[in-house]
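In: Below are the sequence and a predicted model; questions follow.
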Amino acid sequence: MSHSVTDQIYIEYQFTITPLQPWNDVLIAQLGEAGFESFVETETGVTGYVLKSIDSDSILESVDILKNEMVDIAFAKAEIEPTNWNAEWEKNFNPITVDNRCEVRAPFHEATGVEYDIVIEPKMSFGTGHHQTTHMMIQHLLNEDLSDLKVLDMGSGTGVLGILAQMRGALEVDAIDIDTWCYENAIENVERNNADNVNVILGGAEQLENKFYDFIIANINRNILLQDIPVYSKCLKSGGTILFSGFYTEDLELIKQACNKVSIQYDSHMVRDNWVGLKMIKN
Ligand SMILES: C[S@@+](CC[C@H](N)C(=O)[O-])C[C@H]1O[C@@H](n2cnc3c(N)ncnc32)[C@H](O)[C@@H]1O
């Protein structure tokens, strides 16, 4: 399969801001609103990342602070290729063990005999368990009874959460990702872990028409979640659980409000390194 523009190729913008305070926070907030996905604060400003598939030049026109005469902001732009997580893992990472019950390891790591042993060859996809958001989603799943449930893993990446959902008893899992690398990689990982109940699907929220689930997992990012929460709500049966991650504590209230508007209520949340793992329940 050819790799489309939705592959995870990012544009990196290095913003230099004078004076730095308080404008770096304002810039991050406005870029986040406009569609940037993540940020790193630097000594001279902010580095922001936006998907290449988004027309970043035109969204920058809507970022008011760039027109503010009280602050001087310059930027440099560069294209970032997808990360080869396999190479990163080989170089830097050990297997990840969550709550002594679930291990996420590469094929070249020895099995240790934990209750849930997941073998992932991530290639270019996100989802080895090293990221705080994946870690918290695994923790939530270890606390949930998924027996005989129909589950949606939205933004499935390597497929790690969908695979664990099957191991936790799910009857059927739809693992959906908009990125072709992730789609192909999740198919391989599902086979590798004999997760026969996991259907890997390429696409976004448009794939959810006329689908219904007892349980939804969505570890994506703030902007996609805010946009697609109404669609997820339509698919979630009454009384069903939805787990969210991919956003920071600053955005927790915003995500809760978006959920409340579509009859999804707060249950609980956890935090790791300022990332949130949120559990909500549909009325
Ligand atoms: C943070 S990763 C999560 C991967 C994995 N579920 C995990 O928890 O480690 C987010 C994933 O969402 C996918 N994604 C981004 N936008 C999406 C959308 N609109 N619909 C479905 N998937 C999307 C990305 O390609 C990426 O694989």
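Out: Okay, I see it.

In: ok so residue 170 is a helix residue?
Out: No - the assignment for residue 170 (DSSP: H, G, I helix; E, B strand; the rest coil) gives coil, which keeps it out of a helix.

In: With the ligand as the reference, measure out to it.
Out: 15 Å (C-beta to the nearest ligand atom, to the nearest Å). C-beta: built from backbone N, CA, C; applies to glycine.

In: Let me see the contact set for that residue.
Out: When contacts are counted by C-beta atoms under 8 Å, 6 or more residues apart in numbering, residue 170 is found next to 146-151, 197, 215.

In: repeat that for 7 Å
Out: 146, 149, 151, 197 (C-beta atoms under 7 Å, 6 or more residues apart in numbering).

In: Let's verify the residue lying closest to the second one once chain neighbours are set aside: helix, strand, or coil?
Out: The shortest distance from residue 149 to any non-neighbouring residue, by C-beta to C-beta, 6 or more residues apart in numbering, is to residue 214 (4.0 Å). Three-state call for residue 214 (three-state DSSP): strand.

In: Filter the contacts of residue 170 down to the ones in helices?
Out: The helices, defined by DSSP state H, take in nothing from the contacts of residue 170.

In: restrict those to contacts with the ligand.
Out: Among the contacts of residue 170, no residue sits close to the ligand (C-beta under 6 Å from any ligand atom).

In: gap between the residue nearest to residue 149 and residue 32?
Out: Per C-beta to C-beta, to the nearest Å, residue 214 is found 32 Å from residue 32.

In: ok so, going back, give me the number of residues near the residue nearest to residue 149?
Out: Using other C-beta atoms under 10 Å, residue 214 has 19 other residues around it.

In: now swap in residue 254 and tell me
Out: Residue 254, neighbours per other C-beta under 10 Å, totals 13.

In: Quick check: residue 283 touching residue 263?
Out: Yes - with contact defined as C-beta atoms under 7 Å, residue 283 counts as touching residue 263 (4.4 Å).

In: hang on, the earlier thing: can you list the contacts of residue 170 in JSON lines and add pLDDT?
Out: Listed next are the contacts of residue 170 as JSON lines, based on pLDDT from 0 to 100:
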{"residue": "146", "pLDDT": "98"}
{"residue": "149", "pLDDT": "98"}
{"residue": "151", "pLDDT": "98"}
{"residue": "197", "pLDDT": "97"}
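
In: How about the residue nearest the centre of the chain: what's its closest non-neighbour residue?
Out: Central residue of the chain (C-alpha atoms, centre = their mean): residue 220, 2.7 Å from the mean position. Using C-beta to C-beta, 6+ apart and skipping residues adjacent in sequence, the residue nearest residue 220 is residue 155, 3.9 Å away.
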